[in-house]
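Engineer: build me a model:
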Amino acid sequence: METLGNATFENYIGLNEGFSEMAYQMVAHVLTLGYAVMLAALLYFVLTIKYVAPKYRLSSVLSVIVMVSAFLLLFVQANNWTSSFVFDASRGRYFLAEGKTSLITVIGT
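Structural biologist: Predicted coordinates for the structure are as follows:
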């Protein structure tokens with residue numbers, strides 16, 4: 001427990017109690033849906049930039065920048081989530097893998 005330091009709550013749950021199959025999959029799917037939506041919005045802003053009045057075009061450019069950063073953040077979080085937990089068949093739950101932390105603690109450091 002002391003090895004986690006200033007970790008987020010999912011690390012403590014994953015270390016001690018583990019996540020049920022449903023909880024693990026729900027988080028994974030929400031993160032995947034999140035980065036897919038950001039990628040779709042990025043595509044929309046890129047494709048419609050020519051049809052926006054010139055005085056408002058800067059807002060489309062800024063939206064593209066925001067969508068790229070949101071996509072990258074959610075994509076990394078989704079990959080961290082799936083690589084940080086392993087399934088323990090004997091207990092039927094996902095537990096934090098040895099030497100891993102997930103999500104915000106990895107990104108924020």
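Engineer: please count neighbours and contacts with C-alpha atoms only from this point.
Structural biologist: Will do.
Engineer: could you pull out the helices in this structure for me?
Structural biologist: 9-16, 21-48, 57-84, 104-107 (DSSP state H).
Engineer: go through those helices and name the closest to R91.
Structural biologist: Minimum separation from R91 across those (C-alpha to C-alpha) falls at helix 21-48, 10.9 Å.
Engineer: and Y51, how many neighbours does it have?
Structural biologist: 8 (other C-alpha atoms under 10 Å).
Engineer: can you tell me how far it sits from R57?
Structural biologist: The gap separating Y51 from R57 is 9 Å, by C-alpha to C-alpha, to the nearest Å.
Engineer: that older thread, looking at the helices of the chain, which has the lowest confidence?
Structural biologist: Ranked by mean pLDDT, the helices of the chain bottom out at helix 104-107, which scores a mean of 46.
Engineer: could you measure from V30 over to A53?
Structural biologist: Distance from V30 to A53, counting by C-alpha to C-alpha: 35 Å.
Engineer: what number of residues lie near A78?
Structural biologist: So A78, with other C-alpha under 10 Å, has 23 neighbours.
Engineer: my read: it touches L31, true?
Structural biologist: Yes. In this structure, A78 is within contact of L31 by C-alpha atoms under 8 Å, at 5.4 Å.
Engineer: residue contacts, V52?
Structural biologist: With contact taken as C-alpha atoms under 8 Å, 6 or more residues apart in numbering, V52 is in contact with S60.
Engineer: whoops, I mixed them up, G34
Structural biologist: G34 makes contacts with 71, 74, as judged by C-alpha under 8 Å, 6+ apart.
Engineer: if we go to 10 Å?
Structural biologist: Contacts here follow C-alpha atoms under 10 Å, 6 or more residues apart in numbering; on that basis G34 touches 28, 70-71, 73-75, 78.
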